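>>> Sharing a model prediction with you, sequence too.
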Amino acid sequence: MPRKCSPCQVGQIVQITHGRDAGQYAVVIHVIDERFVLLADGSRRKFDFPKRKNVQHIRLLDYISLEVQNSIMETGRVTNGKLRYALTKFANEYVTKKGEPFNGEGRCN
């Protein structure tokens, strides 16, 4: 199940804890250094325009999408559809079973 783990990996699902997108899930598409990563979700945050995020502002989950990881390792890219698929698969397996909203739609903006 989701828990904190120390190093970030490409293809890892994370939950954003700070900022405008707090409560939403995204995929790590690049690790800049030990402090920053690039995140994308395939819908609002596309692969070509990822969000640079401090690792202290995300919750690392113990779930890695092998499809995303393999695609980035082989070609250096991943399709936005594959990112959306990975997040949907994660939501169906873990999040919706717990009764939590998937993309944090309960927030007021």
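Everything's here; your move. None of the values given here were measured: they were computed from a predicted structure.
>>> quick one: the helices in the chain?
In the chain, the helices defined using DSSP state H lie at 66-75, 80-90, 96-98.
>>> Those: which one's closest to residue 16?
Within those, the stretch nearest residue 16 is helix 80-90; the backing value is 12.2 Å (C-beta to C-beta). Using the backbone N, CA and C atoms, a C-beta is placed for each residue, glycine as well.
>>> for this protein, where's the lowest mean pLDDT among helices and strands?
helix 96-98 (a mean of 60; mean pLDDT, DSSP states H and E).
>>> for this protein, which spans come out with low pLDDT?
Low-confidence segments of the chain (pLDDT under 70): 1-6, 96-109.
>>> mind listing the strands for it?
Secondary structure of the chain (DSSP state E): strands at 12-16, 25-31, 36-40, 51-54, 58-64.
>>> ok, residues contacting the first one?
The set of residues external to strand 12-16 that reach it, using C-beta atoms under 8 Å, 6 or more residues apart in numbering, is 2, 8, 22-28, 37, 39, 53, 57-61, 63-65, 86-87, 90.
>>> Got a PyMOL select line for the buried ones in these?
To isolate the buried members of these in PyMOL, using 16 or more other C-beta atoms under 10 Å:
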select buried, resi 2+8+24+25+26+27+28+37+39+53+58+60+61+63+64+65+86+87+90
